[in-house]
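>>> Okay, here's the prediction I keep looking at, along with the sequence it came from:
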Amino acid sequence: MRVKICGITIASQAMAIAQLGATALGFICVRSSERYITPENIRVVVEQLPGAIDRIGVFANAPLEEICQTVATAQLSGVQLHGSESPEFCHQLRGALPTIEIIKALRVKTQEALNQADLYIDCVDAILLDAYDPEKLGGTGKTLDWSALKQFHPRCPWFLAGGLTPDNVQSALDLVHPNGIDLSSGVERQPGDKDLAKIARLFEKLRL
C-alpha cells in the first residue's frame, strides 16, 4: 500500500520520512495554504530524496501553465488536483504532462462526490478522497465516514485521506481497502512541521 505524507516544508524531515517508509511526499503549491512551499524550495528538498519516492505537488484550480512550470522547476513526479478541476482540464493536463502521475482529489460531502469519481477515471491515475470543509481545501483533521465508503470501488487506484492518524488508521483500514493512504495534520506538531515520532508510530501500526 502506498503511504503519502503531505504538507512537507522541511528538507531534513522529508529525508527522515522517506527513510521511515513513506512511498510519496506531498508539497502544497497553493499560495494561500499555511503549508505552502515555493517550487524552488521543493526542488531543494527533492534533490536530497531517494529516487524511488514519489514527489507530488498539490494544486487547487491553478492554471495549466503554472502547474507545468512548477512541475519542471520543482522536479515533481506527480500532480494532485485538490480544487474543482473538471475532467476536461485533467485531459488537457494529461496531454501537457504525459509522463506525470495525476491524482484527482474529491472532497466528500455527499454521496454525489463519490459518484463523480467515474467522470475522472479515463484522465487521471488515481482518486483521493478527503473530508469536506467549507473553509479549507485539505489538512483539516476531519475524518470521513469510513463505513459509507465500503462500496466505493472505482476503476482506478485510490487514496484515503481526511483526518487519518497513527491511532485511527487501522480502524479505517479495517473498514475500507484503499490502494494508498494520505496523512498531513494527523502527523504534525503544527502546519508544515511534521512529528517524526508520530510518523514512526504510523509505520509501526501499518506493519502489525
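Good, I have the coordinates. Residues are numbered from 1 along each chain as shown.

>>> When you work out contacts or count neighbours from here on, use the C-alpha atoms and nothing else.
Will do.

>>> quick check, distance from the lowest-mean-pLDDT helix or strand in the chain to the centre of its chain.
Comparing every helix and strand of the chain by mean pLDDT, DSSP states H and E singles out helix 111-115 as the least confident one, with a mean of 82. Using Cα atoms, centre = their mean, to the nearest Å, the distance from the centre of helix 111-115 to the centre of the chain it belongs to is 19 Å.

>>> Name the surrounding residues that touch that helix.
Outside of helix 111-115, the residues within contact range by Cα atoms under 8 Å, 6 or more residues apart in numbering are 106-108, 152.

>>> Among those residues, which one lies nearest to residue 4?
The shortest separation between residue 4 and any of those is 16.3 Å, and it belongs to residue 106 (by Cα to Cα).

>>> Run a quick neighbour tally on the closest one.
Residues within reach of residue 106, counting by other Cα atoms under 10 Å, total 23.

>>> now swap in residue 198 and tell me
17.

>>> Look at it and give its secondary structure.
Per DSSP: H, G, I helix; E, B strand; the rest coil, the local secondary structure of residue 198 is helix.

>>> contacting residues for the residue lying closest to it once chain neighbours are set aside?
Once its chain neighbours are removed from consideration, residue 198 has its nearest residue in residue 187; the separation is 5.5 Å (Cα to Cα, 6 or more residues apart in numbering). Applying Cα under 8 Å, 6+ apart to residue 187 gives the contacts 165-166, 194-196, 198-199.

>>> what about burial for the contacts of helix 111-115, which qualify?
Restricting these to buried positions leaves 106-108, with burial counted as 16 or more other Cα atoms under 10 Å.

>>> just checking, which of these belong to strands?
Assignment to strands by DSSP state E places the following of those there: 106-108.

>>> which of those residues lies closest to residue 128?
Distance from residue 128 was checked for each of these by Cα to Cα. The minimum falls on residue 106, at 6.1 Å.

>>> With distance to residue 98 and pLDDT as extra columns, can I get the buried ones among the contacts of helix 111-115 in a markdown table?
Conversion of those to a markdown table gives the following (distance: Cα to Cα, whole Å; pLDDT from 0 to 100):
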| residue | distance to residue 98 | pLDDT |
| --- | --- | --- |
| 106 | 22 | 94 |
| 107 | 25 | 90 |
| 108 | 28 | 88 |
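
>>> Restricting to C-alpha, output the one helix or strand residue 13 maps to in CSV.
With elements delineated by DSSP states H and E, residue 13 resides in helix 11-20, which encompasses its position. Listed next in CSV are the C-alpha coordinates belonging to helix 11-20 (Å, rounded to 0.1, in the frame of the first residue of the first chain):
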residue,chain,number,x,y,z
ALA,A,11,14.1,19.2,4.0
SER,A,12,15.5,17.2,6.9
GLN,A,13,12.1,16.0,7.8
ALA,A,14,11.5,14.9,4.2
MET,A,15,14.5,12.6,4.2
ALA,A,16,13.6,11.2,7.6
ILE,A,17,10.1,10.4,6.5
ALA,A,18,11.4,8.7,3.3
GLN,A,19,13.7,6.6,5.5
LEU,A,20,10.8,5.6,7.8
